[in-house]
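Chemist: One predicted model, sequence on top.
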Amino acid sequence: AQSVAQPEDQVNVAEGNPLTVKCTYSVSGNPYLFWYVQYPNRGLQFLLKYITGDNLVKGSYGFEAEFNKSQTSFHLKKPSALVSDSALYFCAVRDKTNNDMRFGAGTRLTVKP
Amino acid sequence: ETGVTQTPRHLVMGMTNKKSLKCEQHLGHNAMYWYKQSAKKPLELMFVYNFKEQTENNSVPSRFSPECPNSSHLFLHLHTLQPEDSALYLCASSQDSGQGAGGYTFGSGTRLTVV
């Protein structure tokens, strides 16, 4: 079965600096990869996904993620962080051969003014 | 609003109570899911319904009982819960639970506290 690891519980960055939230995955076949964001007292909101094609995927709110097959990673990035980006971020993987979406434990991003 | 509505937003119940969580979507999706979110733990998939049929039950205790009367509605019936069941319960839907590339649309969740 597929799995996702988010190695950092917490990421702190200063406003205006670039941010990276890390994600590695394990899947037997080719993956569909997703990033979701959760604001306080809300459900998860879709940010972006990798299905096939270009390894660099652009999503909502200026976020992007890079699929790296050799390193089995799908790190989330943004060139310039905003205070409003502070939230809980979840990486998820879905195996193309089954219907099971697996989520990581989440990384709390805090952007300080 | 995301298109998936969950009620109530907050629920406090005693261990002997019976209550139900409701989820509703009008996105035309055919698959619906219940997840449990506890602090510092991965999202736990509880149940999957595809075209109203339950296709997955991830070893969830019988004190949680799902019901899916149609593709737009999903319920989670709760009875004799334990304090460790306190968590945020999230409902999600997707186009299907088969081999699609689609992501999930989540509701805002029900914050459940068992006292």
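Modeler: Arrived safely.
Chemist: Taking chain B, what residue is nearest to chain A?
Modeler: Nearest residue of chain B to chain A (CB to the nearest CB) works out as residue B:106 at 3.5 Å. Just so you know, the C-beta spots here come from the backbone N, C-alpha and C atoms, and that holds for glycine as well.
Chemist: Count the residues that sit near that residue.
Modeler: Other residues lying near residue B:106 total 25 when counted by other CB atoms under 10 Å in any protein chain shown.
Chemist: who touches the residue lying closest to residue A:91 once chain neighbours are set aside in this structure?
Modeler: The spatial neighbour of residue A:91 that comes closest, neighbours along the chain excluded (CB to CB, 6 or more residues apart in numbering or on different chains), is residue A:23 at 3.5 Å. Neighbour list for residue A:23: A:4, A:5, A:6, A:33, A:35, A:73, A:74, A:75, A:76, A:91, A:104 [criterion: CB atoms under 8 Å, 6 or more residues apart in numbering or on different chains].
Chemist: Break down chain B into its strands, ranges please.
Modeler: Counting by DSSP state E, the segments of chain B that form strands are B:4-7, B:10-13, B:18-25, B:31-37, B:44-50, B:53-57, B:64-70, B:73-79, B:87-94, B:105-106, B:110-114.
Chemist: hang on, the earlier thing: pull up the per-residue confidence for the residue of chain B closest to chain A.
Modeler: Among the per-residue scores, residue B:106 shows a pLDDT of 93.
Chemist: how far away is the closest residue to it other than its chain neighbours from residue A:79?
Modeler: If you skip the residues right next to it in sequence, residue B:106 has residue A:43 as its closest partner in space, 3.5 Å away by CB to CB, 6+ apart. Relative to residue A:79, residue A:43 is positioned 27 Å away (CB to CB, to the nearest Å).
Chemist: Can you pick out the residue with more neighbours from the two?
Modeler: Residue environment comparison for residue A:43 versus residue A:79 gives the larger neighbour count to residue A:43, 22 against 11, counting by other CB under 10 Å.
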